[in-house]
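Student: Give me a 3D structure for the following:
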Amino acid sequence: HNVKLTKGARAGEVQYQILLVQSGRHDKVVQGVLQLVLSGTQGDKPVSHNLTASGAQAGLKVNFKYYQRLEGVFSIPAQIQAQTLQVQFVATGGKTPALSQSVSLPN
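Tutor: As a prediction, the model looks like this:
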């Protein structure tokens, strides 16, 4: 539903706030993983980098009926000139993202 990015306290850190909302009927629980994928360039080549937020494994676990708020911090690798963050939701048992949203990184 909403992705907000702000500069972190240290250089190369970005704070995120993500709000997930189930639309329509709320008779099912939404479960899965939220993946954060950083896109940019390394040298002159385009790159994608899967991020792990502080304290997280590969992806953020999602489990809600009405809505879920996720907050955290991630660091941008020094060798990457990052431009966008893509947030992808993969439902439990799924292999491809059911939802995806790209957000520009703060300057």
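
Student: quick one: secondary structure of the residue of the chain positioned farthest from its centre?
Tutor: Of all residues in the chain, residue 27 has its C-alpha farthest from the mean position, at 25.4 Å, by Cα atoms, centre = their mean. Using DSSP: H, G, I helix; E, B strand; the rest coil, the structure places residue 27 in coil.

Student: for it, phi and psi?
Tutor: According to degrees, to the nearest 10, the main-chain angles of residue 27 amount to phi -90, psi 0.

Student: ok, now residue 94?
Tutor: The phi/psi pair for residue 94 (degrees, to the nearest 10) reads phi -90, psi 160.

Student: thinking again about what came up before, relative to residue 65, how far out is the residue farthest from the centre of the chain?
Tutor: As judged by Cβ to Cβ, to the nearest Å, residue 27 and residue 65 stand 9 Å apart. The C-beta positions use only the backbone N, C-alpha and C, and glycine is treated the same way.

Student: and the residue farthest from the centre of the chain, how far is that from residue 107?
Tutor: Taken as Cβ to Cβ, the span from residue 27 to residue 107 is 43 Å.

Student: Tell me if I'm right that residue 62 and residue 32 touch.
Tutor: Yes. Residue 62 lies in contact with residue 32 (Cβ atoms under 8 Å); the separation is 5.0 Å.

Student: Spit out the residues that contact these two alike.
Tutor: residue 89 (Cβ atoms under 8 Å, 6 or more residues apart in numbering).

Student: isn't residue 97 right up against residue 35?
Tutor: Yes. Look at residue 97 against residue 35 with Cβ under 8 Å: they come within range, at 7.4 Å.

Student: Pull up the overlap in contacts between these two.
Tutor: Residues touching both residue 97 and residue 35 (Cβ under 8 Å, 6+ apart): 88, 89, 90.

Student: Cross-check the contact I'm expecting between the first one and residue 100.
Tutor: Okay, so that is residue 88. Yes. In this structure, residue 88 is within contact of residue 100 by Cβ under 8 Å, at 4.8 Å.

Student: the more surrounded of the two?
Tutor: When neighbours are counted by other Cβ atoms under 10 Å, residue 88 and residue 100 differ, and residue 88 comes out ahead with 19 against 13.

Student: what sits against that one?
Tutor: 34, 35, 37, 97, 99, 100.
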